[in-house]
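Participant: return atomic coordinates for the entry below.
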Amino acid sequence: MSAYLNTRVSLYAGRLWQDEELDTLLGVADDAFVDRLSRRGLQALVPGFAIPASRQQETRSLEQRIIAQVLDETRVLMRPMSGNARTFMTYWTARFEVSNVKTLLRSKMMGEPPATVLSQLTPMGVFGRLDNQDLAHAEDVGELLRRLEAGPYAGIVRHARRAIELSHDPFNLDAALDRGYYEGLIARGQPLEDTLGLPFRGLMANLVDRINLVWLLRYRFNYKLPPAQVYYLLVGSRYSLTGARLQQLAALDSLEAVLAALPQPWQARLAGAADIPDVFFRMEHAAAEQALSVLRSNAPDTARAFAYLVLRERDLRGVRAALRGRHLGLPDTHIRQALHRAPAEAG
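Facilitator: Predicted structure coming up:
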């Protein structure tokens, strides 16, 4: 297993983009742009760049092609995996199908016809576990929930049922599904933390801490939710931002107060952050640095594979920003803001 997986990860690692390489995409001619995508294994994204018709449709299909790229590379890396590693990686892809669950529920709440709902769903290929045709034809929200609760995401959907019963607000629905998904991911990652050690645990810690802190800041200061509700919507965690710490942070009344109360090293990393997007960018940059360190190390093969997937998705978000920006004719300065991958200067 190790020989195949480590070789495959090393080959895939050569596809990753350096920050300056993404930036130089903005200044190249169209044919050179297409050539660079192809050389990085992104031939599937070229049609979304080369055909200039129906920009709205392109944007949607581009998103689906990017997800298909992630799923395909994950499928290849999973070939030699078994047991807990395979279970975790399979569940890692499930967040795309959880997005389909959100679409199904929201669309049913809005009374959209099945054909419209089905056109909005992301194809999951071999990772698909839901019968979308059956779900899209459920009579109402209650029947859809009953069918979902009999399926592979029953635990996640129970969170959604409670949110819908309390409120028909789509925000509460999405937040409940997200929380349920990530708590499931942590549960499936625990056995790997025990066997793979610090490299894998560090990847998980950076992911969960970033999710919780950014959610906390958005819920508290953008959506003006009360501390108790904010805390309820966060993911149970045993990493740097523990449940007790998150409860304390949720009670604070400003971004600056929250950042000042963070444990090290997050306090140092985020000192002087201007706003919530800046917090996200800095935390994502820290996670990317850690993932790159794992990828370049002699860490266990599964940890290196997960590190690669974390970095690859970050890359693909940058490529997506460049593609969309060029399609829409945006100034390079605006596209560069979307490509912002390094932390802002502190101070």
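Participant: low-confidence stretches in the stretch 51-200 of the chain?
Facilitator: Filtered on pLDDT under 70, the stretch 51-200 of the chain yields the residue ranges 51-60.
Participant: please repeat the previous calculation with a cut-off of 50.
Facilitator: 51-59 (pLDDT under 50).
Participant: all helices of it, in order?
Facilitator: Secondary structure of the stretch 51-200 of the chain (DSSP state H, counting those that start in this stretch): helices at 55-78, 83-110, 114-119, 132-136, 141-149, 154-166, 170-196, 198-217.
Participant: buried stuff in the fourth one?
Facilitator: The neighbour-count criterion (16 or more other Cβ atoms under 10 Å) identifies Asn132, Leu135, Ala136 as the buried residues of helix 132-136. The C-beta positions use only the backbone N, C-alpha and C, and glycine is treated the same way.
Participant: picking up where we left off before, which stretch among the helices of the stretch 51-200 of the chain comes nearest Phe33?
Facilitator: helix 55-78 (14.0 Å; Cβ to Cβ).
Participant: which other helices and strands does the closest one contact?
Facilitator: The helices and strands touching helix 55-78, judged by 3 or more Cβ pairs under 8 Å, 6 or more residues apart in numbering; DSSP states H and E, are helix 2-13, helix 46-50, helix 83-110, helix 301-328.
Participant: quick one: contacts of the first one?
Facilitator: The list of residues contacting helix 2-13 from outside it, by Cβ atoms under 8 Å, 6 or more residues apart in numbering, reads 41, 73, 76-77, 79-81, 295, 301-302, 304-305, 308, 312.
Participant: CA-only coordinates of the following helix or strand past it in PDB, if you can.
Facilitator: Later in the chain than helix 2-13, the nearest helix or strand by DSSP states H and E is helix 19-24. This file holds the C-alpha atoms of helix 19-24, laid out as PDB (Å, rounded to 0.1, in the frame of the first residue of the first chain):
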ATOM      1  CA  ASP A  19       1.100  31.300  -5.100                       C
ATOM      2  CA  GLU A  20       3.100  33.200  -7.700                       C
ATOM      3  CA  GLU A  21       2.100  30.700 -10.400                       C
ATOM      4  CA  LEU A  22      -1.600  31.400  -9.900                       C
ATOM      5  CA  ASP A  23      -0.900  35.100 -10.000                       C
ATOM      6  CA  THR A  24       0.900  34.800 -13.300                       C
END
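Participant: ok now helix 19-24, how far from the chain's centre?
Facilitator: On the basis of Cα atoms, centre = their mean, to the nearest Å, helix 19-24 sits 22 Å off its chain's mean C-alpha point.
Participant: next one: stretch 215-223
Facilitator: 18 Å.
Participant: and Glu284, what element?
Facilitator: helix 276-295.
Participant: any buried residues in that helix, and which?
Facilitator: Those buried within helix 276-295 under the rule 16+ other Cβ under 10 Å are 276, 278-288, 290-292, 294-295.
Participant: Gln190 and Met124: what is the separation?
Facilitator: With distances taken as Cβ to Cβ, to the nearest Å, Gln190 is found 25 Å from Met124.
Participant: neighbour count: those two, which is higher?
Facilitator: Met124 (18 against 14; other Cβ atoms under 10 Å).
Participant: contact partners for the residue nearest to the more buried one when sequence neighbours are not counted?
Facilitator: Closest residue in space to Met124, ignoring its immediate chain neighbours: Glu97 at 5.4 Å, by Cβ to Cβ, 6 or more residues apart in numbering. By Cβ under 8 Å, 6+ apart, the contact set of Glu97 is Thr122, Met124, Phe127, Gly128, Arg129, Leu130, Tyr153.
Participant: give me the buried entries from those.
Facilitator: Thr122, Met124, Phe127, Gly128, Leu130, Tyr153.
Participant: alright, that wraps it up for me.
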